[in-house]
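# below: sequence and its predicted model.
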Amino acid sequence: MKRRLLGSVVTAAILLGGVVFWRSTTAPELVNGVATPAATRGGQLVGSIRAVPRSFNRIVAREQTTELLSFLTQGRLVRINRSTFDLEPWLAESWEASPDGLTFTLHLRPGVTWSDGAPFTSGDVLFTLQAVFDPKSESVVANQLTVAGKPIAATAPDDHTIVLTYPAPSGPGLRLLDALAIMPKHKLEGALAAGTFAKSWDSATPPSDMVGTGPFLLREYIPGQRIVLDRNPRYWRKATDGTQLPYLDRIVLQVVPDQDAELLRLQSGDLDLTQSELRPDDYVAARRAEDQGRLKVLELGVGPDADAFWFRLKAEAWKNDPRFAFVSKPEFRRAISHAVDREAFAENVFLGAGVPIWGPITPGNRIWFSPNVLRYPHDVNKAKEILKGIGLEDRNANGIVEDAGGNEARFTVITQRGIGWYERGTTELRNRLAQVGIALEIAPIDNGALIKRLLSSDYEAIYYRPLLTDLDPAGNMDVWMSSGSGHFWNLPGPKGPGLPVEKPATEWEARIDMLMAEQASTIDPERRKAIFNDVQRIFAENLPALYFVAPRIYYAHNARVRGVTPSVQRPPALWSADTIAVSGAP
């Protein structure tokens, strides 16, 4: 009998286009995403983060803490609502599109200022785009703002109008701009001119040097301990009753890398919110705390992001290691896929709260998920047969297969320390692969160290959860394109004047490059879907990363917190921090 600790929980949820939209009966009523007078103004909220930020500049850093801080401190021209996944006006209050879909005229909100009082103008938008496309900036969002291989062009007829010209039709259109956090020209133009923008607003920058148009301001940063943000008194957004947002006076983000400690703090009331969803292990304890009136537990559905297991496929990083000769073969990775029992993986790793998958697009992304990708049924004998077919056998009877030169299929897998399901996931992989003669040594490390090694291709294999920016695949060109900064299994080298342009490492990656370029520039939704189905098929055939289970997402917060509009994507609550309030605030 299968062990299933997490059952289906009904929590006043409405299934809206495959995404669960939850509305709390105790939360302030939301109208167009803005809380009404039921919310109480003031108070402090305490949340958690797992790792310190690598940078406070979202243009040059993509990790989760930097992304979260971008939501809290910076604004975008338009944003994707993380609950409904609809496009919403933000710093731009309206726009028009030309009949050919190539030109968008955006009208900026009047009266918006930076937190230091400087006016927000179209010049800031032009400056930000210039920074994004400057090779010296080493921007991580440039790929997402490139259409048909060319950057989006921008002009400013006046201080409150931006005209964007796309070099080709774009399927997602203005959704691409969700990746563009607008940066202050008056603060950073000197760094861009000097070629040092890539190092601007690093973690050593004094908080007083940074400004934003978001709901909060960075007040204090103590590395390894906490980040403190105060409300931005010049924030532009108001509730429907005219109340100035945000409701909160302060947000404190405590660095809590260990999830056991994080759960204890949440249960005790020391934390109001956590950075990510509940672990499967935490569900029973969280439900018990809810019964006691201390927590609210929300079921959000199948997550759009899943854990992945991948080998470094950057050829030059292996240098003279002969193991790359078989690691680089799709057959080797197919054998691994056959060796893993996905049903057992869901039970043992996610305690039943997950569904088997065979690619990076999960059933939680209903519009883009393809159920027809190649699947690899659990079959240990098939896995052994495939390995033997590429010359890997246990020639010395030590339990590990090796090639004709005696090079064993033995690898070190790094993963993030302190994440329960990562620990169980890597253990499950180690045990399953041992049955077919592949040996894994698991090395948990801090998240910051893991990201550093990933970016420098200093690893053999990784078990981790890469997060997609948008459910629309064209919003994740940095992952799909071989030249993209998020192409995690084979990251491209640095770009810049005089540096060679890297070609796709494989023929199938070149094929995906071509298909994704076509998909992103296609307007017809059905055609876009068909093209992306081909991309998923090619991915499943070549398996640059292996996916096993998509988790079911549960989230919990302190019962005193009001107005949470949860998302299946991270950050699940603070993406909409300006409408969150706490009861008992003065």
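Sure, I can see it. Numbering: from 1, shown residues only.
# got the buried residues for the longest strand along the chain?
In the chain, assigned by DSSP state E, the strand with the most residues is strand 549-558. For strand 549-558, a neighbour-count test (16 or more other CB atoms under 10 Å) marks 549-558 as buried. (Each C-beta comes from the backbone N, C-alpha and C, glycine too.)
# partners of it in the sheet?
Within its sheet, strand 549-558 is paired with strand 295-302 (antiparallel), strand 354-356 (antiparallel), according to DSSP bridges.
# now the element after the last one, going C-ward?
Which is strand 354-356. helix 380-389 (DSSP states H and E).
# ok, then the element right after the longest strand of the chain?
Criterion used, DSSP H and E; the element after strand 549-558 is strand 561-562.
# what's whatever helix or strand comes next after that next one in contact with?
Remark: after strand 561-562, the chain's next helix or strand is strand 581-582, criterion DSSP H and E. With contact meaning CB atoms under 8 Å, 6 or more residues apart in numbering, strand 581-582 is reached by 28, 35, 39-41, 43-45, 247-248, 272, 560-563.
# ends of stretch 300-309, how far apart?
End-to-end distance of stretch 300-309: 24 Å, with CA to CA, to the nearest Å as the criterion.
# what about it, distance to the chain center?
Chain-centre distance of stretch 300-309: 11 Å, with CA atoms, centre = their mean, to the nearest Å.
# the residue lying farthest from the centre of the chain: what's it in contact with?
No residue in the chain has its C-alpha farther from the mean C-alpha position than residue 396, which lies at 43.7 Å (CA atoms, centre = their mean). For residue 396, the contacting residues are residue 402, by CB under 8 Å, 6+ apart.
# how near is it to residue 441?
Residue 396 sits 19 Å away from residue 441, going by CB to CB, to the nearest Å.
# what's the longest helix along the chain in contact with?
Ranked by residue count, the top helix of the chain under DSSP state H comes out as helix 525-542. Helix 525-542 is contacted by residues 171, 330, 333, 358-361, 367-368, 370, 372-375, 473-474, 480, 506, 508, 511-512, 515-516, 518-519, 522 when judged by CB under 8 Å, 6+ apart.
# for the residue nearest the centre of the chain, which three-state class applies?
Residue closest to the mean C-alpha point of the chain, counted by CA atoms, centre = their mean, is residue 467 at 2.9 Å. For residue 467, the secondary structure call by DSSP: H, G, I helix; E, B strand; the rest coil comes out as coil.
# now it, nearest residue through space, not along the chain?
residue 305 (5.1 Å; CB to CB, 6 or more residues apart in numbering).
# hmm, that neighbour is touching residue 357, no?
No: look at residue 305 against residue 357 with CB atoms under 8 Å: they stay out of range, at 10.9 Å.
# and the helices in the stretch 401-550 of the chain?
With helices called from DSSP state H, counting those that start in this stretch, the stretch 401-550 of the chain shows them at 420-434, 447-455, 477-480, 507-520, 525-542.
# okay, buried residues for the fourth one please.
When neighbours are counted by 16+ other CB under 10 Å, the buried residues of helix 507-520 are found to be 509, 512-513, 515-520.
# for the second one, same thing?
Residues of helix 447-455 classed as buried by neighbour count (16+ other CB under 10 Å): 447-448, 450-451, 454.
# and for the last one?
Neighbour-count burial for helix 525-542, counted by 16+ other CB under 10 Å, picks out 528, 531-540, 542.
# output the residues you listed as JSON lines; include the columns distance to residue 192 and pLDDT.
As requested, the buried residues of helix 525-542 are arranged in JSON lines below (distance: CB to CB, whole Å; pLDDT from 0 to 100):
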{"residue": "528", "distance to residue 192": "35", "pLDDT": "96"}
{"residue": "531", "distance to residue 192": "36", "pLDDT": "98"}
{"residue": "532", "distance to residue 192": "35", "pLDDT": "97"}
{"residue": "533", "distance to residue 192": "41", "pLDDT": "98"}
{"residue": "534", "distance to residue 192": "39", "pLDDT": "98"}
{"residue": "535", "distance to residue 192": "35", "pLDDT": "98"}
{"residue": "536", "distance to residue 192": "38", "pLDDT": "98"}
{"residue": "537", "distance to residue 192": "42", "pLDDT": "97"}
{"residue": "538", "distance to residue 192": "38", "pLDDT": "98"}
{"residue": "539", "distance to residue 192": "36", "pLDDT": "98"}
{"residue": "540", "distance to residue 192": "42", "pLDDT": "97"}
{"residue": "542", "distance to residue 192": "39", "pLDDT": "98"}
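# let me know the closest of those to residue 387.
residue 542 (17.0 Å; CB to CB).
# need the pLDDT of the residue nearest to the centre of the chain.
As predicted, residue 467 sits at a pLDDT of 83.
# coming back round to it: could you figure out how far the longest strand of the chain is turned away from helix 420-434?
160 degrees (axes from the mean of the first three to the mean of the last three CA atoms, to 10 degrees).
# let's see strand 549-558 as PDB, backbone CA atoms only.
Taking C-alpha atoms only, strand 549-558 is exported to PDB below (Å, rounded to 0.1, in the frame of the first residue of the first chain):
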ATOM      1  CA  VAL A 549       8.400  14.600  -9.700                       C
ATOM      2  CA  ALA A 550       6.500  17.900  -9.600                       C
ATOM      3  CA  PRO A 551       5.600  18.800  -6.000                       C
ATOM      4  CA  ARG A 552       2.200  19.800  -4.800                       C
ATOM      5  CA  ILE A 553       2.500  23.200  -3.200                       C
ATOM      6  CA  TYR A 554       1.400  24.100   0.300                       C
ATOM      7  CA  TYR A 555       2.100  27.400   2.000                       C
ATOM      8  CA  ALA A 556       1.700  28.500   5.600                       C
ATOM      9  CA  HIS A 557       1.800  31.900   7.300                       C
ATOM     10  CA  ASN A 558       1.100  33.400  10.700                       C
END
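# now it: mean pLDDT?
So the average pLDDT for strand 549-558 ends up being 96.
# who's in contact with residue 362?
Here residue 362 is in contact with 302-306, 355, 369, 550 (CB under 8 Å, 6+ apart).
# could the residues you listed be laid out in a markdown table, adding distance to residue 492?
Output for these, formatted as a markdown table (distance: CB to CB, whole Å):
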| residue | distance to residue 492 |
| --- | --- |
| 302 | 31 |
| 303 | 28 |
| 304 | 25 |
| 305 | 22 |
| 306 | 24 |
| 355 | 33 |
| 369 | 28 |
| 550 | 28 |
